[in-house]
Structures are given as C-alpha cells and as structure tokens.
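Engineer: can't give you the sequence, but here's the structure:
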C-alpha cells in the first residue's frame, strides 16, 4: 500500500489501495463506534460518583491506554492491509487476470 510501484504496476497498486482503504475505513468506523459506546452518555453516570479528580485521572488513563492500543491496532492494520492486497492480487493472478503488466520497465 505504499504506492511506490505505481508507475510500473498501476493495476496491482490500485487494487491494493482499494482493499487497504476498505480495511482502514472499517477500522476507523469500529474505533469511532467503540469510543462513542465507551464515552457515551452512560460514561458520565458511571464516573460522576468517583469525584472530579478521580474522574479526570481515570479519563486520562483511558485516553492514554486508548492511544497506545490505537497505535498497535494501526500498525496491525497496515500489515494486514498489505497482505490482504497481496492475497487478492495473488488470487487474481491464479484466476488468470494478472494485475502485473506484461511489459515491465
């Protein structure tokens, strides 16, 4: 998904980009949905009994932990998107539609 090879293999890179974008979009939607679920209206009810300082500390802890988890998830998604795109291109090649150009530079 690096687009580093777009001039030599445009079809293959575009296929990889399409599947990578779908995967990133799905993960972004999932993170958005989870953050809305975790920090939704019930979040105030659950943390308001702790007191202001404890509520803020807990929120900061969760935000830090969430950023760390999101970073790990992003790294995993990058590798998964690459291998998913490679797998789709491999399947297309096996089916007789080779996304690589016949004449390579």
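Structural biologist: The structure has been received and is ready for your questions. Note that the structure is predicted; figures quoted are calculated from it, not measured. Residues are numbered from 1 along each chain as shown.
Engineer: so residue 70 makes contact with residue 30?
Structural biologist: No: contact between residue 70 and residue 30 fails when scored by C-beta atoms under 8 Å: they sit 10.8 Å apart. No exception for glycine: its C-beta is placed from N, CA and C like everyone else's.
Engineer: tally of neighbours for residue 97?
Structural biologist: Neighbourhood size, residue 97 [other C-beta atoms under 10 Å]: 10.
Engineer: May I have the secondary structure class of it?
Structural biologist: coil (DSSP: H, G, I helix; E, B strand; the rest coil).
Engineer: quick one, phi/psi of it?
Structural biologist: phi -110, psi 90 (degrees, to the nearest 10).
Engineer: what packs against the helix ranked longest in the chain?
Structural biologist: Assignment by DSSP state H gives helix 52-94 as the longest helix of the chain. The elements that helix 52-94 packs onto, with contact taken as 3 or more C-beta pairs under 8 Å, 6 or more residues apart in numbering; DSSP states H and E, are helix 10-38, helix 41-47.
Engineer: Ok, which of those comes nearest residue 93?
Structural biologist: helix 10-38 (9.3 Å; C-beta to C-beta).
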